[in-house]
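Trainee: here is my input, please return the structure:
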Amino acid sequence: MNGHSNLVHPVANYPQKGRNNCLIVGVTLGSVIIILLGLCITTYFYRSGFSFGSDSPQTLRADANTLYLANWSRDLDHWSKGSQESRWEWEKPGIIDTHGTFSGSPSPLLLAPYQPNSRDIEVDAVIQDHVGFNEFENFGIVTGIDSQGNGYFSGEDFDREQFIERLSSGKDLHEMTQNTGGHSVEDTAEKYYLFTVKIQGNVITLFIDGWQVSQATLSDYHPDGSIGLYASGDGEIAVVGFRVEKLP
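Mentor: Down below sits the predicted model:
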């Protein structure tokens, strides 16, 4: 032996192990920060309405679950305005419009010529808001409407938030739920939105562009009641599609 040892003292490995541990910790913290930043950005855009609305309408098509699909190619297709004073009109092939259905009007309703016989349904409507933000405007889908005009409204209120509300006498709204899924849709004219109302059992849920925004439990829902559209206020709403689907 030449007096030299080939053994490396364990302490000599400590700096390298320390650097490796610091690297692992750094990478982990960096990943967490990136994920949290991404979630914050996504939440910000969603809550400011970024995820809602598109420049072109979604086309509603019939499928195996379709119970009713509106056909407005020539006229209102037997949809009932309920009153000659209603502002709902057939505008052009595939589009119906309201040129300002004032809250004082006897009939902000437009009812479909179809009444479901099941509680488990989905109602879709593609709606375009022509004027953007308007503080005197409510629009959305109505379901379970009885002969007295009582039922449920699911849609946008004048504060641009989404609610499910009790409808009485065909025109008066009474708040039931608050917005639960974001702030509001964009206050931008000419955007298209897909409104979806799902009724399963005694629960009604409102979605806009696939996002759940409000939900309520119903105590007196009439599954065989009328369905349709509601618009009140000084705004101008166009509807380019309406469909009813059965749910499993």
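Trainee: and Leu23, how far from Ile34?
Mentor: 16 Å (Cβ to Cβ, to the nearest Å). In short, each C-beta sits where N, CA and C put it, glycine included.
Trainee: again but with Phe153, I slipped
Mentor: 42 Å.
Trainee: of these two, which one has the most company?
Mentor: Using other Cβ atoms under 10 Å as the criterion, Phe153 and Ile34 rank with Phe153 on top: 30 against 10.
Trainee: could you pull up the contacting residues of the more buried one?
Mentor: 138, 140-142, 163-167, 173, 230 (Cβ atoms under 8 Å, 6 or more residues apart in numbering).
Trainee: these in helices, which ones?
Mentor: Per DSSP state H, helices hold no members of the contacts of Phe153.
Trainee: and the residues you listed, which two are furthest apart?
Mentor: Ile141 and Arg166 (14.1 Å; Cβ to Cβ).
Trainee: neighbour-wise, which of these two wins?
Mentor: More neighbours surround Ile141 than the other of Ile141 and Arg166, with 22 against 16 (other Cβ under 10 Å).
Trainee: that one bridge partners, please.
Mentor: Taking DSSP bridges as the rule, Ile141 bridges to Ser154, Leu229.
Trainee: please shift the residue numbers so they start at 832 in all later answers.
Mentor: Shifting the count to begin at 832 puts that one at Ile972.
Trainee: how far away is it from Ile958?
Mentor: 9 Å.
Trainee: tell me which helix or strand comes right after the lowest-mean-pLDDT helix or strand in the chain.
Mentor: Least confident helix or strand of the chain, by mean pLDDT, DSSP states H and E, is helix 845-878 with a mean of 61. Sequence order places strand 897-900 as the next helix or strand after helix 845-878, per DSSP states H and E.
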